[in-house]
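A.B. asks: Take this sequence and fold it.
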Amino acid sequence: MKRWLALILSTVLGLSLFQVPIPIAHAGYDAIPAFPGAEGFGYAAKGGRGGEVYHVSDYELTGPGTFYDALMTAGPTPRTIVFDISGEITIPQIVVKDKSNITIAGQTAPGDGVTIRGNNIRFINSGDIVIRYVRFRMGDQSFNDDTMYFEDCRNVIVDHSSFSWGTDEVLSVKSKDYDHPKSQNITVQWSIISEGSLTHSMGGLIEMNTITMHHNLYAHNNDRNPKTKGQIDFVNNIIYNWGGYPYVAGGESGTKGYGNVVGNYFIAGLNSANPQYAVVRGNENYNLYLKNNRIDSNKNGILDGTDTGTGMMEAERPSHLVPERFEYPPVHTQDPEVAYEYILDHSGASLARDQVDRRVIDGVRNQTGVIIGHENDVGGFPQARARQGPAGYGPRRDAGCLGNGQGAESEQPRRPKR
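C.D. replies: Down below sits the predicted model:
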């Protein structure tokens, strides 16, 4: 008996010396998608489906009809937020905590759509969130913060949105406790994450756990394009003009990672310090599947990247390469050259791109532009046309685009199947 007790005790003590591995997520598409074209881990976010509709009709900071009120008064009934106004909407800080089943439908705005400015939005311990076709531009403040931040959230999809001018990170998705991660089933797709402001200038933390990022553009961020930990499917993105660091594979903490980096295009710009490396700051606990990426490191103004294979991984701090792609929820995957054109044509709040997104996209095409210290370095907030719309939906932005079960026609660009 004593021998058995000693054996059990030694086994328990031995296991305690090692970090328990994170269970690997697997593919699955057996639920109703948030909307046609929703893919990746967050594809089935319910949003406000089947619930009430809140009309944003007032430009004030707070009060009935404001964007602040639309989020902060959301209760147990699912809510779809639509816009009867367009142009710039200035907000105080918005902290959405312990809420669920919310859709922010930027495609319902009249005219050129909406830009949320003046402060940041934080989602804490919230779930089933759908955000589409909105521009979020924080700009210089008396504090440093992310333009948008998700912590311990579940079932989230961000689609065709634009984020810029964060003074900490631009867009972050993470878990508060990395040993017991709560963030799961999250997708960021067809979006632009650009121009994080110096002195920080960070694209964002995408850490812990089960997160898909596909067909996005990272441009003019010094670091964290993005920084990743946990389970990440990073497919068909463009990373342009990183400064110090492009895709960070775990970093120095040694937290476990299981990443697919597939079909991406890394394009060095004027500020790119180590243009030959696309995947940096790895560690032995970061398991990486690296396949069919391109890196254009010569800064000659011509798109002529090549697949350097493992040569694009930082030699001094490599990740642990694995031979097979992690089986995450499938994403329509293209060759990088094909994805490049689709992303530049369709990413961000692209129903009506503003001057900022057009300038960033043109900079990628022409391989121009630099990391900025302040939004005024690139002209500041463009003149936005404020327009009052009907108490309903425009002709091409009707309820069918909301993913709310009322019938929908896909707005996604057509692309080859995987």
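A.B. asks: Give the pairing partners of the lengthiest strand in the chain; include direction for each.
C.D. replies: In terms of residue count, the longest strand belonging to the chain (DSSP state E) is strand 227-235. Next to strand 227-235 in the sheet, as set by DSSP bridges, lie strand 205-207 (parallel), strand 211-214 (parallel), strand 247-249 (parallel), strand 257-262 (parallel).
A.B. asks: For it, list the C-alpha coordinates in PDB.
C.D. replies: Only the C-alpha atoms of strand 227-235 are listed here, as PDB (Å, rounded to 0.1, in the frame of the first residue of the first chain):
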ATOM      1  CA  LYS A 227       1.600  39.400 -31.200                       C
ATOM      2  CA  THR A 228       0.100  36.000 -30.800                       C
ATOM      3  CA  LYS A 229      -0.300  33.300 -28.100                       C
ATOM      4  CA  GLY A 230      -2.600  30.300 -27.800                       C
ATOM      5  CA  GLN A 231      -4.500  29.000 -30.800                       C
ATOM      6  CA  ILE A 232      -4.400  31.300 -33.800                       C
ATOM      7  CA  ASP A 233      -5.300  30.800 -37.400                       C
ATOM      8  CA  PHE A 234      -3.500  33.600 -39.300                       C
ATOM      9  CA  VAL A 235      -4.500  33.200 -43.000                       C
END
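A.B. asks: where does the protein have low pLDDT?
C.D. replies: By pLDDT under 70, the low-scoring segments of the chain are 1-28, 390-418.
A.B. asks: What ranges does it have for its helices?
C.D. replies: For the chain, the helices defined by DSSP state H cover 2-16, 67-72, 336-346, 355-366.
A.B. asks: helices or strands next to the shortest one in the packing?
C.D. replies: Counting contacts by 3 or more CB pairs under 8 Å, 6 or more residues apart in numbering; DSSP states H and E, helix 67-72 packs against strand 52-56, strand 79-83, strand 94-97. No exception for glycine: its C-beta is placed from N, CA and C like everyone else's.
A.B. asks: Return the most buried member of those strands.
C.D. replies: For those, the largest average neighbour count (mean count of other CB atoms under 10 Å) is found in strand 79-83, namely a mean of 26.
A.B. asks: quick one: it to strand 52-56, angle?
C.D. replies: Between strand 79-83 and strand 52-56, the angle comes out at 30 degrees (axes from the mean of the first three to the mean of the last three CA atoms, to 10 degrees).
A.B. asks: quick revisit: got the helices and strands packed on helix 67-72 as CSV, with distance to residue 364 columns?
C.D. replies: What follows is those, written out as CSV (distance: least, CB to CB, whole Å):
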stretch, distance to residue 364
strand 52-56, 31
strand 79-83, 28
strand 94-97, 30
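A.B. asks: Could you check how far the residue nearest to residue 63 when sequence neighbours are not counted is from residue 102?
C.D. replies: Spatial nearest neighbour of residue 63, chain neighbours left out: residue 69 (6.1 Å); criterion: CB to CB, 6 or more residues apart in numbering. Look at residue 69 and residue 102: by CB to CB, to the nearest Å, they are 13 Å apart.
A.B. asks: Which residue of the two possesses the greater neighbour count?
C.D. replies: residue 102 (27 against 18; other CB atoms under 10 Å).
A.B. asks: Hmm, that one is touching residue 72, no?
C.D. replies: No - between residue 102 and residue 72 no contact is recorded; they are 10.9 Å apart, counting by CB atoms under 8 Å.
A.B. asks: mind listing what the residue nearest to residue 121 when sequence neighbours are not counted touches?
C.D. replies: Using CB to CB, 6+ apart and skipping the chain neighbours, the partner closest in space to residue 121 is residue 94 (4.7 Å). Neighbouring residues of residue 94 by CB atoms under 8 Å, 6 or more residues apart in numbering: 67, 68, 71, 72, 119, 120, 121, 122.
A.B. asks: Identify the residues contacting the fourth one.
C.D. replies: Contacts of residue 72 were listed using CB under 8 Å, 6+ apart, and they are 94, 96.
A.B. asks: same deal with the third one?
C.D. replies: Shown here is residue 71, whose contacts under the criterion CB under 8 Å, 6+ apart are 81, 94, 96, 99, 102, 121.
A.B. asks: from those residues, which single one is nearest residue 348?
C.D. replies: residue 121 (17.2 Å; CB to CB).
A.B. asks: where's that closest one relative to residue 149, distance?
C.D. replies: For residue 121, the distance to residue 149 equals 7 Å [CB to CB].
A.B. asks: Touching, the residue nearest to residue 63 and residue 60? I think so.
C.D. replies: No - when contacts are counted by CB under 8 Å, residue 69 is not listed as touching residue 60 (9.1 Å).
A.B. asks: circling back to that earlier point, where's the residue nearest to residue 63 relative to residue 217, distance?
C.D. replies: 32 Å.
A.B. asks: Overlap of the contact sets of residue 102 and residue 72?
C.D. replies: residue 96.
A.B. asks: Next, count neighbours for residue 29.
C.D. replies: What residue 29 shows, counting by other CB under 10 Å, is a neighbour count of 11.
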